[in-house]
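In: following is a predicted model, sequence given first.
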Amino acid sequence: MDTPTTLSALIQGCEAEKLHLSGAIQGFGAMLRVTGTAPFQITHASANLADYLGIPPTALLGQDIKATGCLNAAMLARLGDQPGQSLPLPHLNQVEDKRVDALLIRSPDGILVEFENSAVGTAPVLIQELQRPFLHLPYADEEIAAYHDNLVKAFALVTGFDRVMLYRFHEDWSGEVIAEATSDALGRYLGLRFPDSDIPAIARNLYLINPYRLIPDIHAAAVDILGLAADPPDLTWSNLRSVAPVHLQYLTHMGVGASFSVPIVIAGKLWGLLACHHLQPRGLSPDQRQASVTLTRAYSLGLTSHLASRRLQMIDSLDRRVDGLLERIAQHADPLDGIEHAAPALMDIVSARGFALVINDDVVMTADTPEMDCMSRIDQWFLARPEPVLASDSMEGLLAPPPGEPCSPSRGILAVKARSPRSGWVRFYWFRPAEAQEVAWAGNPNKPTVEHAGALMLSPRRSFEKWVEIKTNQCRPWNNEEKLTASKFRSTLLHWL
Ligand code: BLA
């Protein structure tokens, strides 16, 4: 294979990593893989099995499940047959007075059996009490910050981790810490941004399947899974799956000893994460993990209701504003005349600083717009594009910009076209000038590489200190509400044309 020479090639390589076929687990448990139907044969066993069952893995490979001494076919037969379904079997007898919890997990290629030492002496989590703040659904925007804070505080109580962060994904999959519970002595990540490559798509996709990811000791050696055949078992649904080395390096650079994260999924999409760090190694009992997942689900219900009501309010006010505006324009006998009069209001609805309307070869331009020659090139180009609504924070940032010399490259554009039976395509353009944008990153996001023996290698950045990027070649980003306004403007316009 060629050695990758660019950052994007390196990241692509990382995205191709098969996390679920690592062939190893973390040492806070042991694992067996058995074939899916009775008689259940053990095909794989982790090298540390003796620490949990008192039996070496080689003594079990190829044997029937009852050779474990604590599991039998009837227990395994109770497991559901959909991939990902699981069945806990707590407190199985092990050697002498020690006990293990087993978890059966249905996998596409068999059943995974995960063993962990039963938690002893841990106080039960008082979930009712902790859940109470989430029964009060946040409605107003002012309430939402407190709602986020309640979650990180409840997590800190349940997990005892040194730092609990609520991490929210942006549209481009970079993310931002929007609430944090930690002590000042540790420094804060609150308000800082992290690039999308910190949590690649392969890792994000696993969050849609698994309710949490626990890494109790980042320095613990991974434990190999031994098998009758060489093919590794599918660990997609495993809680014990070993950790990608690049991520262990990342956590080392952050000074973390243990990590625990729980996804927040809204309408089937990953919205954010609870990311918890402990400086020393730290495990969590099944009770603590379950309580964390339950709290996150309660919180997600309130968050969903808040987001839905905000969206409804927004659509409602947007409807009224767009209708009002088009009515004003229609009062004029000549719509072009009407547009000229309504131009300030037209710019206002999406906070633009320039506006242009093109019907056939007639152009009306107001305030801060590109030069006429540039405008007509942009117009020709947009006419040929398939999308009826287009938004970009810079002309340069467009996927397929107008051909030829770039004109007005750093100006932001929001464009809409609608077909009129009489005049053909009617094109509306809103513009915003470039404006310096500050983004406070946790470390320089452009530095995830090192050179080693002349080759470029991916290595998570070493510093997570605040690093401010100043973007000068784009406008203040068009937000969702403004993009929706443009779409709404177009659909209302279609009724009028
Ligand atoms: C996984 N990266 C992760 C995970 C998190 C982060 C939360 C899930 C595993 C876990 O819970 O620890 C990132 N953690 C963060 C971020 C914060 C945090 C952003 O606390 C901020 C508050 N990582 C890199 C690079 C690559 C990479 C350059 O920095 C490669 C392109 C990969 N990250 C990477 C991989 C995983 C990962 C492969 C999956 C690890 C696994 O599950 O085995």
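Out: Here it is on my side, so go on. Residues are numbered from 1 along each chain as shown.
In: for E435, which three-state class applies?
Out: Assigned by DSSP: H, G, I helix; E, B strand; the rest coil, the conformation of E435 is coil.
In: please disregard the earlier target; I meant T37.
Out: coil.
In: would you list the phi and psi of it?
Out: phi -130, psi 160 (degrees, to the nearest 10).
In: that one: neighbouring residues, count only.
Out: A count of neighbours around T37, defined by other Cβ atoms under 10 Å, yields 13. For the C-beta atoms, the positions are set from N, CA and C on the backbone; glycine is no exception.
In: quick one: the strands in the stretch 301-450 of the chain?
Out: Using DSSP state E, counting those that start in this stretch, the strands found in the stretch 301-450 of the chain span residues 354-359, 362-367, 389-392, 412-420, 424-432, 437-442, 449-452.
In: between those, which gets nearest to P233?
Out: In terms of Cβ to Cβ, the element of the strands of the stretch 301-450 of the chain nearest to P233 is strand 449-452, at 32.3 Å.
In: I'd like the mean pLDDT over that closest one, please.
Out: Per-residue pLDDT over strand 449-452 has a mean of 65.
In: remind me which residues of the stretch 51-200 of the chain are low pLDDT?
Out: 94-96 (pLDDT under 70).
In: near the ligand, which residues of this structure show up?
Out: Contact residues of the chain with respect to the ligand, defined by Cβ under 6 Å from any ligand atom, are listed as 11, 14, 17, 19, 165, 167, 175, 177, 189, 194, 197-200, 203, 213, 215, 243-244, 246-247, 250, 259, 261, 273, 275, 448, 458, 460.
In: and the strands of the stretch 301-450 of the chain: which comes nearest N239?
Out: Closest to N239 of the strands of the stretch 301-450 of the chain, according to Cβ to Cβ: strand 437-442, at 27.6 Å.
In: if you count neighbours, what's buried in that closest one?
Out: The neighbour-count check on strand 437-442 (16 or more other Cβ atoms under 10 Å) flags 441-442 as buried.
In: tell me which other helices or strands that strand touches.
Out: Applying 3 or more Cβ pairs under 8 Å, 6 or more residues apart in numbering; DSSP states H and E, one finds that strand 437-442 makes contact with strand 193-194, strand 466-471.
In: got those as JSON lines, with mean neighbour count and distance to I42 columns?
Out: Formatted as JSON lines, the entries for those read as follows, by neighbours: other Cβ atoms under 10 Å; distance: least, Cβ to Cβ, whole Å:
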{"stretch": "strand 193-194", "mean neighbour count": "20", "distance to I42": "41"}
{"stretch": "strand 466-471", "mean neighbour count": "13", "distance to I42": "51"}
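In: gap between the two ends of stretch 78-87?
Out: With Cα to Cα, to the nearest Å as the measure, the first residue of stretch 78-87 is 8 Å from its last.
In: one step back: lowest average pLDDT across the strands of the stretch 301-450 of the chain?
Out: Out of the strands of the stretch 301-450 of the chain, strand 449-452 stands lowest, with a mean of 65 (criterion: mean pLDDT).
In: would you mind putting the strands of the stretch 301-450 of the chain into a markdown table with distance to N72 alongside?
Out: Compiled in a markdown table, the strands of the stretch 301-450 of the chain are given as follows (distance: least, Cβ to Cβ, whole Å):
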| stretch | distance to N72 |
| --- | --- |
| strand 354-359 | 75 |
| strand 362-367 | 78 |
| strand 389-392 | 61 |
| strand 412-420 | 65 |
| strand 424-432 | 69 |
| strand 437-442 | 50 |
| strand 449-452 | 51 |
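In: among those, which comes closest to L301?
Out: The closest of the strands of the stretch 301-450 of the chain to L301 is strand 437-442. By Cβ to Cβ, the value is 29.6 Å.
In: one step back: tell me which of the strands of the stretch 301-450 of the chain sits nearest to P286.
Out: That would be, of the strands of the stretch 301-450 of the chain and by Cβ to Cβ, strand 437-442, which comes in at 31.6 Å.
In: what's that closest one in contact with?
Out: Residues external to strand 437-442 that are found in contact with it (Cβ atoms under 8 Å, 6 or more residues apart in numbering): 177, 189, 191-195, 464-472, 474, 476-477.
In: again, only this time at 10 Å
Out: For strand 437-442, the external contacting residues (Cβ atoms under 10 Å, 6 or more residues apart in numbering) are 174-177, 189, 191-195, 198, 254, 393, 445, 461, 463-477.
In: okay, the angle between that strand and strand 466-471?
Out: 150 degrees (axes from the mean of the first three to the mean of the last three Cα atoms, to 10 degrees).
In: what about the longest helix in the chain?
Out: When the chain is parsed with DSSP state H, its longest helix is helix 286-330.
In: who does it touch, helix- and strand-wise?
Out: Applying 3 or more Cβ pairs under 10 Å, 6 or more residues apart in numbering; DSSP states H and E, we find helix 286-330 packed against strand 86-93, helix 127-131, helix 141-159, strand 213-215, strand 258-266, strand 269-278, helix 335-348, helix 480-496.
In: and P138, how many residues sit next to it?
Out: Applying other Cβ under 10 Å, we find 22 residues neighbouring P138.
In: separation between it and A330?
Out: From P138 across to A330, the span is 40 Å (Cβ to Cβ, to the nearest Å).
In: apart from its neighbours in sequence, what residue is nearest R78?
Out: L87 (6.0 Å; Cβ to Cβ, 6 or more residues apart in numbering).
In: residues contacting that neighbour?
Out: The neighbourhood of L87, defined by Cβ under 10 Å, 6+ apart, consists of 75-76, 78-80, 102-106, 111.
In: quick one: it from the ligand, how far?
Out: Between L87 and the ligand the distance is 24 Å, computed by Cβ to the nearest ligand atom, to the nearest Å.
In: now do L390
Out: L390 sits 30 Å away from the ligand when distances are taken as Cβ to the nearest ligand atom.
In: bridged to that residue, which residues?
Out: A415 (DSSP bridges).
In: residue numbering should commence at 9 henceforth.
Out: That works, and once the first residue is 9, the last one we named lands at L398.
In: wait, it touches L391, no?
Out: No - if you go by Cβ atoms under 10 Å, L398 and L391 don't touch, sitting 11.5 Å apart.
In: overlap in contacts of these two?
Out: Residues within reach of L398 and of L391 at once, by Cβ under 10 Å, 6+ apart, are K425.
In: higher neighbour count, the two?
Out: L398 (18 against 12).
In: circling back to that earlier point, the longest helix of the chain - what's its average pLDDT?
Out: In this model, helix 294-338 carries a mean pLDDT of 90.
In: tell me the angle that helix makes with helix 488-504.
Out: Orientation of helix 294-338 against helix 488-504 (the same axes, to 10 degrees) gives an angle of 40 degrees.
In: ok so, going back, which of the contacts of L95 fall within strands?
Out: 110-114, 119 (DSSP state E).
In: relative to I73, which of those residues is nearest.
Out: Lowest distance from I73 to the ones in strands among the contacts of L95 (Cβ to Cβ) belongs to I119, with 8.9 Å.
In: beta partners for the closest one?
Out: Beta-bridge pairing for I119 (DSSP bridges): V42, R114.
In: thought V42 was touching it, still the case?
Out: Yes - under the criterion of Cβ under 10 Å, I119 makes contact with V42 at 5.0 Å.
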